[in-house]
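Enquirer: no sequence for this one, just the structure:
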(Lines give C-alpha, C1' and ligand atoms only; values in the text may rest on other atoms or scores of the structure.)
Protein backbone atom coordinates (compact mmCIF):
# COMPACT_ATOMS: atom_id res chain seq x y z
CA UNK A 1 0.00 0.00 0.00
CA UNK A 2 1.19 3.52 -0.76
CA UNK A 3 -0.32 6.97 -0.40
CA UNK A 4 0.54 9.75 -2.85
CA UNK A 5 0.04 13.49 -2.45
CA UNK A 6 0.66 15.93 -5.30
CA UNK A 7 1.47 19.61 -4.98
CA UNK A 8 2.76 22.46 -7.10
CA UNK A 9 -0.09 23.00 -9.52
CA UNK A 10 -1.40 26.43 -10.36
CA UNK A 11 -2.05 28.93 -13.11
CA UNK A 12 0.66 30.16 -15.46
CA UNK A 13 0.90 31.95 -18.77
CA UNK A 14 1.96 30.14 -21.90
CA UNK A 15 5.71 29.77 -22.05
CA UNK A 16 5.99 29.62 -18.29
CA UNK A 17 7.13 26.84 -15.97
CA UNK A 18 5.82 24.85 -13.04
CA UNK A 19 7.26 22.05 -10.95
CA UNK A 20 4.96 19.40 -9.58
CA UNK A 21 5.91 17.28 -6.60
CA UNK A 22 4.45 14.02 -5.37
CA UNK A 23 5.35 12.74 -1.94
CA UNK A 24 4.58 9.17 -0.98
CA UNK A 25 4.17 7.30 2.25
CA UNK A 26 3.70 3.66 3.05
CA UNK A 27 5.66 0.90 1.39
CA UNK A 28 9.29 1.58 0.44
CA UNK A 29 9.41 4.43 -2.10
CA UNK A 30 12.25 2.93 -4.09
CA UNK A 31 10.18 -0.19 -4.79
CA UNK A 32 7.77 1.68 -7.11
CA UNK A 33 7.80 2.76 -10.70
CA UNK A 34 6.23 6.21 -10.63
CA UNK A 35 4.33 8.05 -13.28
CA UNK A 36 2.68 11.37 -13.97
CA UNK A 37 -0.62 11.38 -15.82
CA UNK A 38 -3.06 14.10 -16.78
CA UNK A 39 -6.70 14.46 -17.61
CA UNK A 40 -8.19 17.43 -19.40
CA UNK A 41 -11.93 18.13 -19.30
CA UNK A 42 -13.82 15.75 -21.55
CA UNK A 43 -10.72 13.72 -22.36
CA UNK A 44 -9.25 10.40 -21.32
CA UNK A 45 -6.51 10.31 -18.70
CA UNK A 46 -3.17 10.01 -20.46
CA UNK A 47 0.39 9.14 -19.58
CA UNK A 48 2.78 12.07 -19.37
CA UNK A 49 6.02 10.69 -17.95
CA UNK A 50 7.25 7.61 -16.11
CA UNK A 51 10.43 6.94 -14.13
CA UNK A 52 11.95 3.65 -13.06
CA UNK A 53 12.89 2.60 -9.54
CA UNK A 54 16.43 3.94 -9.74
CA UNK A 55 15.63 6.81 -12.05
CA UNK A 56 17.82 5.38 -14.78
CA UNK A 57 14.93 4.87 -17.22
CA UNK A 58 12.30 7.39 -18.21
CA UNK A 59 9.41 7.59 -20.63
CA UNK A 60 7.74 10.71 -22.02
CA UNK A 61 4.66 11.23 -24.10
CA UNK A 62 5.50 12.72 -27.49
CA UNK A 63 3.54 15.86 -26.66
CA UNK A 64 5.83 16.74 -23.74
CA UNK A 65 9.24 15.52 -24.92
CA UNK A 66 11.86 18.22 -24.62
CA UNK A 67 9.66 20.34 -22.35
CA UNK A 68 8.94 18.17 -19.29
CA UNK A 69 11.42 16.33 -17.07
CA UNK A 70 10.56 13.65 -14.54
CA UNK A 71 12.92 12.94 -11.64
CA UNK A 72 12.83 11.29 -8.25
CA UNK A 73 14.59 11.63 -4.94
CA UNK A 74 14.36 8.30 -3.15
CA UNK A 75 15.78 9.80 0.04
CA UNK A 76 12.86 12.26 0.15
CA UNK A 77 10.19 9.84 -1.11
CA UNK A 78 9.34 12.39 -3.77
CA UNK A 79 8.90 12.38 -7.53
CA UNK A 80 8.95 15.61 -9.53
CA UNK A 81 7.68 16.83 -12.87
CA UNK A 82 9.44 19.93 -14.14
CA UNK A 83 7.27 21.51 -16.82
CA UNK A 84 8.79 24.17 -19.07
CA UNK A 85 7.50 26.02 -22.13
CA UNK A 86 3.95 25.30 -21.04
CA UNK A 87 1.16 25.50 -23.59
CA UNK A 88 -2.60 25.97 -23.15
CA UNK A 89 -3.08 22.36 -24.24
CA UNK A 90 -1.14 21.27 -21.13
CA UNK A 91 -4.08 22.43 -19.03
CA UNK A 92 -5.34 19.44 -17.04
CA UNK A 93 -5.49 17.80 -13.65
CA UNK A 94 -2.15 16.10 -13.10
CA UNK A 95 -1.92 12.89 -11.12
CA UNK A 96 1.00 10.87 -9.85
CA UNK A 97 0.69 7.13 -9.56
CA UNK A 98 2.70 4.09 -8.51
CA UNK A 99 3.02 0.55 -9.80
CA UNK A 100 5.28 -2.48 -9.70
CA UNK A 101 7.52 -3.15 -12.66
CA UNK A 102 8.12 -1.01 -15.73
CA UNK A 103 4.76 0.12 -17.13
CA UNK A 104 3.68 3.24 -18.98
CA UNK A 105 -0.06 2.76 -19.44
CA UNK A 106 -2.49 4.19 -16.91
CA UNK A 107 -4.42 0.95 -16.50
CA UNK A 108 -1.34 -0.72 -15.01
CA UNK A 109 -1.06 1.70 -12.11
CA UNK A 110 -2.40 0.60 -8.75
CA UNK A 111 -2.16 3.66 -6.55
CA UNK A 112 -3.10 7.25 -7.36
CA UNK A 113 -2.89 10.66 -5.80
CA UNK A 114 -5.81 13.09 -5.68
CA UNK A 115 -4.49 15.28 -8.49
CA UNK A 116 -3.40 18.88 -8.83
CA UNK A 117 -4.78 21.40 -11.32
CA UNK A 118 -2.51 23.01 -13.90
CA UNK A 119 -3.97 25.84 -15.97
CA UNK A 120 -2.03 27.48 -18.80
CA UNK A 121 -3.45 30.62 -20.38
CA UNK A 122 -2.51 32.61 -23.45
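Expert: Thanks, I have it. In this text, all values refer to a predicted model and were calculated from it rather than measured experimentally.
Enquirer: how far does stretch 13-27 sit from the chain's center?
Expert: 7 Å (Cα atoms, centre = their mean, to the nearest Å).
Enquirer: That should have said stretch 88-105, apologies.
Expert: Taking Cα atoms, centre = their mean, the mean C-alpha location of stretch 88-105 is offset from the chain mean by 5 Å.
Enquirer: Give me the distance between the spatially most central residue of the chain and residue 122.
Expert: By Cα atoms, centre = their mean, the chain has its centre lying nearest to residue 36, at 2.2 Å. In this structure, residue 36 and residue 122 are separated by 24 Å, where distance is defined by Cβ to Cβ, to the nearest Å. The C-beta positions use only the backbone N, C-alpha and C, and glycine is treated the same way.
Enquirer: Can you tell me the closest non-neighbouring residue to residue 63?
Expert: In space, and not counting its chain neighbours, residue 63 is closest to residue 89: 7.6 Å by Cβ to Cβ, 6 or more residues apart in numbering.
Enquirer: So that neighbour belongs to a helix, correct?
Expert: Yes - inclusion of residue 89 in a helix is indicated when DSSP: H, G, I helix; E, B strand; the rest coil is applied.
Enquirer: Next up, the contacts around the most far-flung residue of the chain relative to its centre.
Expert: Distance to the chain centre peaks in the chain at residue 122, reaching 22.9 Å (criterion: Cα atoms, centre = their mean). Residues in contact with residue 122 (Cβ atoms under 8 Å, 6 or more residues apart in numbering) are 13-14, 88.
Enquirer: All the strands of the chain, residue numbers only.
Expert: Counting by DSSP state E, residue ranges of the strands within the chain are 2-7, 10-13, 18-26, 33-39, 46-51, 58-60, 68-73, 78-83, 92-99, 111-112, 116-121.
Enquirer: okay if I get those strands as CSV plus mean pLDDT and distance to residue 105?
Expert: Rendered in CSV, the data for these read as follows (pLDDT from 0 to 100; distance: least, Cβ to Cβ, whole Å):
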stretch, mean pLDDT, distance to residue 105
strand 2-7, 94, 18
strand 10-13, 98, 28
strand 18-26, 94, 18
strand 33-39, 97, 9
strand 46-51, 98, 7
strand 58-60, 98, 10
strand 68-73, 97, 16
strand 78-83, 97, 18
strand 92-99, 97, 10
strand 111-112, 96, 14
strand 116-121, 98, 21
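Enquirer: Alright, I will stop here.
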